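Trainee: curious how this folds, go ahead:
(chains A and B)
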Amino acid sequence: MTSEPSHSAEFTTFMRAYQDMVFSTAARLTGSDAPAQDIAQEAFLKAYENFTQLRTSPTAGGWLKTVTTNLALNHLTRYRKRWRFFSELKAEETEEDPAGLGVDPPVPDALLDHLSSEQRCAVVDEALRRLPEHQRVVLVLYHFEEFSYQQIAARLHVSLAKVKTDIRRARAALLPMLMSAGVAP
Amino acid sequence: MKDHPSETELERLLDRTLRALPLRRAPPTLESRVLGELERRAAQPWWRRSFSHWPLFARLGFVVTAAALAGLALLGGSWPGTALQSLQVAGPASTWLQPAAAITGAAGSVAASLVNSIPQTWIDLGLGAAVVLYATLFGLGAAAYRMLYLQPQSGREFQ
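Mentor: Next up is the predicted model:
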């Protein structure tokens, strides 16, 4: 591990440049700030171990984003396994069409346009938190992290059909939440 | 506003809306947390860090010592007992070492005599069987993992 003082100052600058991106990725995938902070910390500790290469790399941001995404997905996998051990039956029951598919909500031409960027951010993050985990994760990977359907299926070890179903349900569930928040006062 | 939009329209609308969002601001404590953890790790002695962070001499020494111990344990079952006895001779007498040396030496002698009494063919056959069993079980485990856990159609992971 590198630990020269000048190295540390440079690393602090590096961290300030990327900490919002790392935290956003972790928070949107996990739907919670507390684990997102732990994940962001772990991502930067890994970055420090590889800082000799990263400090001059033009793809350092992409590297950090990949590491953060992997850490967040690993966190969710561990947490889900622990949780399902105790509540398998309940999980099975609640998986039936939580988004209430079958009714196509009308789609506006724009969403949240009258809100400030900070307000939009808060509204979307709250809506993401309210989505079931398996819907939130695929939605975030597709729309924020720019994964393709195939990449999501491969990364999560699920079928392509399941990814498409989950993301369709996630969109259908998200739209009314954003529309209700986006109504101009 | 359209009454029956296609999924493509919804996808485009959400894509536009979500990608236009600014990044969330990281909590101000994140930087101090990371730097604090780095300081804590830097303050640790090398032997408390992971093996990859040990100094080169320590890593080499560990590997050589471990290999030597393993070789000695395989070649002479009574080596630990002998070593303890020689320590007693060399250093000041410590009473607690005597029973330990006696027990270890006896156990080593029994193990050595057992190994020596087994015909070499049996040992070779046993090792061969162990290798075959290991490979078989490894293959079965990998196949079961792929079929039961990584089956894409079942979608077990993110259901």
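Trainee: where does the prediction get shaky in the chain?
Mentor: The chain I'm using is chain A. Confidence mapping of chain A against pLDDT under 70 gives the ranges A:1-7, A:80-109, A:111-113, A:182-185.
Trainee: chain B, not that one
Mentor: B:1-5, B:75-97, B:149-159.
Trainee: quick one, helices of it?
Mentor: B:7-19, B:29-43, B:56-75, B:79-90, B:97-117, B:120-148 (DSSP state H).
Trainee: repeat for chain A
Mentor: A:5-30, A:33-49, A:51-54, A:60-86, A:88-94, A:117-130, A:133-143, A:149-156, A:160-181.
Trainee: so which of the ones you listed is the most surrounded?
Mentor: Here the criterion is mean neighbour count by mean count of other CB atoms under 10 Å in any protein chain shown, and of those the winner is helix A:133-143, at a mean of 24. For the C-beta atoms, the positions are set from N, CA and C on the backbone; glycine is no exception.
Trainee: now for that one, which elements pack on it?
Mentor: helix A:5-30, helix A:60-86, helix A:117-130, helix A:149-156, helix A:160-181, helix B:7-19 (3 or more CB pairs under 8 Å, 6 or more residues apart in numbering or on different chains; DSSP states H and E).
Trainee: ok, B:Thr8 to chain A distance?
Mentor: 10 Å (CB to the nearest CB, to the nearest Å).
Trainee: next, count neighbours for that residue.
Mentor: Using other CB atoms under 10 Å in any protein chain shown, B:Thr8 is surrounded by 8 other residues.
Trainee: wait, which of the helices and strands packed on helix A:133-143 is closest to B:Ala58?
Mentor: The closest of these to B:Ala58 is helix A:5-30. By CB to CB, the value is 22.9 Å.
Trainee: does chain B have contacts with that closest one?
Mentor: Yes - if you take CB under 8 Å from any CB of the partner chain as the test, helix A:5-30 does meet chain B, through A:8, A:12, A:15-16, A:19-24, A:27-28.
Trainee: that helix packs against which elements?
Mentor: Helix A:5-30 packs on helix A:33-49, helix A:51-54, helix A:60-86, helix A:117-130, helix A:133-143, helix B:29-43, going by 3+ CB pairs under 8 Å, 6+ apart.
Trainee: what sits against the residue nearest the centre of chain A?
Mentor: The residue lying closest to the centre of chain A (CA atoms, centre = their mean) is A:Leu29, at 2.2 Å. Residues in contact with A:Leu29 (CB atoms under 8 Å, 6 or more residues apart in numbering or on different chains) are A:69, A:72-73, A:76, A:136-137, A:140-141.
Trainee: mind running it again at 10 Å?
Mentor: A:35-36, A:39, A:68-69, A:71-73, A:75-76, A:128, A:133, A:136-137, A:139-141, A:144-145 (CB atoms under 10 Å, 6 or more residues apart in numbering or on different chains).
Trainee: the closest residue to A:Gln19 other than its chain neighbours: neighbour count?
Mentor: Using CB to CB, 6 or more residues apart in numbering or on different chains and skipping the chain neighbours, the partner closest in space to A:Gln19 is B:Ala26 (4.0 Å). Counted with other CB under 10 Å, the neighbours of B:Ala26 add up to 22.
Trainee: list phi and psi for B:Ala26.
Mentor: phi -70, psi 150 (degrees, to the nearest 10).
Trainee: swap in A:Thr56?
Mentor: phi -110, psi 10.
Trainee: can you count the residues close to B:Ser109?
Mentor: The burial count for B:Ser109: 14, using other CB under 10 Å.
Trainee: quick one: it and A:Ala26, what's the gap?
Mentor: Distance, B:Ser109 to A:Ala26, by CB to CB, to the nearest Å: 59 Å.
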